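S.K.: What follows is a predicted structure for the sequence shown.
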Amino acid sequence: MMRVWAVVPAKPLGQAKSRLAGVLSGAERRALSAYLLRHVLAAVIATVGAARTVVVSRASTVLALARRLRARPLRERGAGDLNRALGQGAAHAARRGADAVLLVFGDLPLLQPRELAAMIAAAQRTRCVVAAPDRAGTGTNALLVVPPDAIGFGFGARSLARHRRATLHRHCRWRVARAPGLEFDVDRPADYRTLVGMLHSRPWLT
């Protein structure tokens with residue numbers, strides 16, 4: 001059976017969701033970021049287990065949250081470069097026997113364990129990359145890489161095409177996984193308003 005580890009990167013809560021500054025106060029953004037991260041970690045842990053879930057952050061509060069959930073906290077090295085942090089987490093998992101790494105962003109409020117399980121099921125034990133696009137179809141909200149060092153990570157603007165090119169360049173299989181919980185992230189004010197409309201409340205403020 002393929003040993004899949006997950007890596008979830010997380011900024012300091014006070015620095016996350018800066019593009020929502022026009023609709024939320026700093027305290028509200030911190031509360032929302034914590035709520036989203038807890039939700040994603042619950043889904044990830046339900047899929048691969050807490051012992052195989054790595055939370056990479058330079059924030060002590062985020063690492064403490066990981067410990068409370070029995071996930072593996074990993075202090076980020078460097079100056080907040082996302083792809084470097086993900087590489088650090090993937091290397092940590094590989095050293096501990098991971099056959100694959102599942103990279104998941106911490107702002108997916110609709111994410112369900114079954115959607116992550118479907119990503120894993122879509123992979124093969126051979127060299128393979130399974131990408132979950134955002135709603136625009138250009139970004140990458142989750143990425144399963146078999147083995148963990150099969151490709152370099154290229155998150156950022158238009159990352160889906162970049163990951164596909166890297167996959168083909170390294171002669172790996174390329175697959176795309178689409179699901180509502182994988183596609184919907186909260187990044188812009190419109191996303192936030194959509195989320196509140198779906199929930200009919202703001203549970204992160206209670």
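M.R.: That came through, no problem. Numbers count the residues shown, from 1 in each chain.
S.K.: these two touch, right, Ser144 and Ala118?
M.R.: Careful, residue 144 is Leu; it's not Ser. No - using Cβ atoms under 8 Å as the test, Leu144 is too far from Ala118 to be in contact (10.3 Å). (C-beta placed from N, C-alpha, C; glycine too.)
S.K.: Report the set of residues contacting both of these two.
M.R.: Ala177 (Cβ atoms under 8 Å, 6 or more residues apart in numbering).
S.K.: So which of these two has more stuff around it?
M.R.: Leu144 (24 against 17; other Cβ atoms under 10 Å).
S.K.: can you tell me the helix or strand for that one?
M.R.: strand 140-146 (DSSP states H and E).
S.K.: who's in contact with that strand?
M.R.: By Cβ under 8 Å, 6+ apart, strand 140-146 touches 2, 4, 90, 99-105, 108, 116, 119-120, 122-134, 151, 153, 155, 159-160, 163, 172, 177, 182-183, 185.
S.K.: and that strand, average pLDDT?
M.R.: Average pLDDT, strand 140-146: 98.
S.K.: That strand pairs with which strands, parallel or anti?
M.R.: strand 100-104 (antiparallel), strand 128-133 (antiparallel) (DSSP bridges).
S.K.: Name the next helix or strand downstream of the shortest one, please.
M.R.: Towards the C-terminus, the helix or strand next in line after strand 100-104, according to DSSP H and E, is helix 113-122.
S.K.: Any buried residues in that following helix, and which?
M.R.: 115-116, 118-120 (16 or more other Cβ atoms under 10 Å).
S.K.: Please find the angle between the direction vectors of that helix and strand 128-133.
M.R.: 150 degrees (axes from the mean of the first three to the mean of the last three Cα atoms, to 10 degrees).
S.K.: just checking, what packs against helix 113-122?
M.R.: The contact analysis (3 or more Cβ pairs under 8 Å, 6 or more residues apart in numbering; DSSP states H and E) places helix 113-122 against helix 26-48, strand 100-104, strand 128-133, strand 140-146, helix 180-183.
S.K.: From one end of stretch 76-88 to the other, what's the distance?
M.R.: With Cα to Cα, to the nearest Å as the measure, the ends of stretch 76-88 fall 8 Å from one another.
S.K.: ok, and for it, which residues are buried?
M.R.: Those would be 76, 82, 84-88, for stretch 76-88 by 16+ other Cβ under 10 Å.
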